[in-house]
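> Just to be clear, the model below is a prediction. Sequence and coordinates:
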Amino acid sequence: PALAPQVGTNLTDLRLPRRVTVRELGGCMGPIWHSYYSECSALLFVIDASNPTQVSSSCIQLLSVLSAAPLASVPVLVLFNKIDLPCYMSLMEMKSLFRMQDIVSCATQPITTLETSARDGTGLADVLQWLRATLGAPC
């Protein structure tokens, strides 16, 4: 079965080694995302790489997030997820469709991109490594 899109909000605590709280917000909650920006130390933006019909709306949401003043210096990790599905678009295709090179060059914050599969775990070690490098040291 396919993983269902996140429609609400979930909180998860990670130790990286310090405790970090991850707040997961579904795409349908986009209109209220801004209310969480002031609490944000790093941002993971997840895109469904198996659904080309969502590319334009995902790109618009990403650009909106990147242009938000409270996030101007917050490190961003863009995750192209669901690479385990046979119909997924490659990282090169997704970067091209999103014009990631232009987005990265215009953004004020550092942006990293990774491919992942939440279902089979591909790329999740790289996500944890990015989180540790970004948030792991005590403040």
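In hand now; what should we look at? Residues are numbered from 1 along each chain as shown.

> Would you mind measuring from Thr122 to Leu71?
Look at Thr122 and Leu71: by Cβ to Cβ, to the nearest Å, they are 27 Å apart. Every residue, glycine included, has its C-beta placed from N, CA and C.

> Tell me who's in contact with Arg19.
By Cβ atoms under 8 Å, 6 or more residues apart in numbering, Arg19 lies in contact with Asp13.

> residues near His34, how many?
14 (other Cβ atoms under 10 Å).

> who touches it in this structure?
Applying Cβ under 8 Å, 6+ apart to His34 gives the contacts Ala68, Pro70.

> That one - that's part of a helix, no?
Yes. His34 forms part of a helix when assessed by DSSP: H, G, I helix; E, B strand; the rest coil.

> what separates it from Gln54, distance-wise?
From His34 to Gln54 the distance is 21 Å (Cβ to Cβ).

> in the protein, which spans are strands?
In the chain, the strands defined using DSSP state E lie at 9-15, 19-25, 43-48, 76-81, 111-115.

> in terms of contact, does Phe98 touch Val55 like I think?
Yes. Shown here, Phe98 and Val55 form a contact pair, counting by Cβ atoms under 8 Å, at 7.1 Å.

> Give me the more crowded residue out of the two.
Using other Cβ under 10 Å as the criterion, Phe98 and Val55 rank with Phe98 on top: 21 against 17.

> what does the lowest-mean-pLDDT helix or strand in the chain rub up against?
Sorting the helices and strands of the chain by mean pLDDT, DSSP states H and E puts strand 9-15 at the bottom, at a mean of 77. Here strand 9-15 makes contact (Cβ under 8 Å, 6+ apart) with Arg19, Val20, Thr21, Val22, Arg23, Glu24, Leu25, Gly26, Met29, Leu128, Leu131.

> Before I go, just wanted to say thanks for your time.
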